[in-house]
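Q: Here's my sequence, what's the structure:
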Amino acid sequence: ATEDGKRAVPLKDYRNIGIMAHIDAGKTTTTERILFYTGRNYKIGEVHEGTATMDWMEQEQERGITITSAATTTFWDKHRINIIDTPGHVDFTLEVERALRVLDGAICLFDSVAGVEPQSETVWRQADRYGVPRICFVNKM
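A: Have a look, this model is predicted:
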């Protein structure tokens, strides 16, 4: 909030956006690109180098996978965009479910080579359950 008690960004201009997909579809990599191109980060973090902003846990950096949902904020077109990068591994499905409860929308990534994979179907059904609007993004073309 500012000195006069008003929000710097009005609540109506907040967006909570989730990134969801099967493991290794490119969720964290896509999130890193969004952060770079919106000016949030000056350098693109790479999952395979362990430098991704969103994979903050040591175990995530070592394994190259997201274990816990991670949130960050960027700004675009006078909107505050809260991005939640969710895990893609089946063992962390409940982490995705927790994130879905607060989303205004989600980006569903699909690997163009692998096609629609089982965990993508699972998180799609979870989003149905919570009425989360989605857009599809075909990655790795």
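Q: and Arg125, helix, strand or coil?
A: helix (DSSP: H, G, I helix; E, B strand; the rest coil).
Q: center of this protein - which residue?
A: The residue lying closest to the centre of the chain (CA atoms, centre = their mean) is Asp85, at 2.6 Å.
Q: check contacts around that residue.
A: Listed by CB atoms under 8 Å, 6 or more residues apart in numbering, the contact partners of Asp85 are Ile19, Lys27, Thr28, Thr31, Met54, Thr66, Ser69, Ala70, Ala71, Thr72. In this view, the C-beta of every residue, glycine as well, is placed from N, C-alpha and C.
Q: for the nearest residue to the first one once chain neighbours are set aside, phi and psi?
A: Read it as Ile19. Leaving aside its sequence neighbours, Ile19 sits nearest to Lys27 (CB to CB, 6 or more residues apart in numbering; 4.6 Å). Backbone torsions of Lys27, given as degrees, to the nearest 10, read phi -60, psi -50.
Q: show me the contacts for Lys27.
A: Taking CB under 8 Å, 6+ apart as the criterion, Lys27 is in contact with Ile19, Met20, Ala21, Thr66, Asp85, Thr86, Gly88, Leu109.
Q: Next, count neighbours for Arg134.
A: Using other CB atoms under 10 Å, Arg134 has 16 other residues around it.
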